[in-house]
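*Asks:* Next come a sequence and a model predicted from it.
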Amino acid sequence: MPKQFYSFFVALLCAFTAKAEVTYHFDEQSQVLRVSGEGAADDGGYRSYVRSVILEEGITSVKNGGFNAAYNLQNISFPSTLQSIGNLAFNCADLRGSVTVPSSVQSIGDSAFRDNHNLQEVIISDGVKSIGAKVFYATYNLTSISIPDSLETIHESSFISVAPQKIQISSSMIEKFLNAMGSLQNVTDFKCTDSIAKCKKVLRQLGYENLIEYVSFGGVRVKKRFYTIQEAEALSKKSGNKFKLRYK
């Protein structure tokens, strides 16, 4: 191989390797860790210090135990390229407020968010297919949960010990969610994402008639515009809501 071609090949290989490498930048003053590159991420050795983590576009997974016992970690930002969250990924961290799992994620591993006592809201985006065992175990202050239709597998212990007040879910997912949690007795805000009538029917069949009064429509909001009578009737039938007609 001629020398110039060999040099070009080595340079190209090095460039590709550098691009694929995951890099870590930790700001000591703000205690923010930025993880960039392509591939799987962990705490990069900053577990004891990090307060906030930003996983940038290109990161495809969080390793098993990636931020396990990161006791000071309060905030996490996920990229749209993320495909999986490993077992014990954020176990015993101190995540607070709301966490949104992006639609690009296929699976959430066992105990991934376990023992995050200050986590209050979890939004699992439509696209996530699998939630492992005890993912939200002992997240005692988790009061709001959004469940997508895309979930194919919810382990029976995924939400054990969780007692949410607000649920956003479709009628087809209610029973599957109940099997992973055991009770909806504390719910006072039940957002149905498909049909109010269907959700009420399922709740009645499962013996949760006391929740029917809390059911309201929580689907995609329709932009305000004028509808024909036929369109309004079709929307009413689909959502279970009664639309008021105004003539103009």
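*Replies:* The structure has been received and is ready for your questions.
*Asks:* give the contact list for Ile124.
*Replies:* By Cβ atoms under 8 Å, 6 or more residues apart in numbering, Ile124 lies in contact with Val101, Ile108, Ile131, Ile145, Ser146, Ile147, Pro148, Leu151. In this view, the C-beta of every residue, glycine as well, is placed from N, C-alpha and C.
*Asks:* can you tell me which residues contact Ile167?
*Replies:* By Cβ under 8 Å, 6+ apart, Ile167 lies in contact with Ser144, Ile145, Ser146, Ile147, Phe177, Leu184, Val187, Asp189, Phe190, Lys191.
*Asks:* what about the helices in this protein?
*Replies:* Using DSSP state H, the helices of the chain run over 3-20, 174-179, 196-205, 229-239.
*Asks:* name the helices or strands packed onto the shortest one?
*Replies:* Pointing back at helix 174-179 there. strand 153-154, helix 196-205 (3 or more Cβ pairs under 8 Å, 6 or more residues apart in numbering; DSSP states H and E).
*Asks:* tell me the mean pLDDT over that helix?
*Replies:* Average pLDDT, helix 174-179: 90.
*Asks:* Tell me the buried residues in it?
*Replies:* Neighbour counts over helix 174-179 (16 or more other Cβ atoms under 10 Å) mark Ile174, Lys176, Phe177, Leu178 as buried.
*Asks:* Please list all residues in contact with the nearest residue to the third one once chain neighbours are set aside.
*Replies:* Counting by Cβ to Cβ, 6 or more residues apart in numbering, the nearest residue to Phe177 once its immediate chain neighbours are dropped is Ile147, at 5.5 Å. Residues in contact with Ile147, defined by Cβ under 8 Å, 6+ apart, are Ile124, Ile167, Gln168, Ile169, Ser170, Met173, Phe177.
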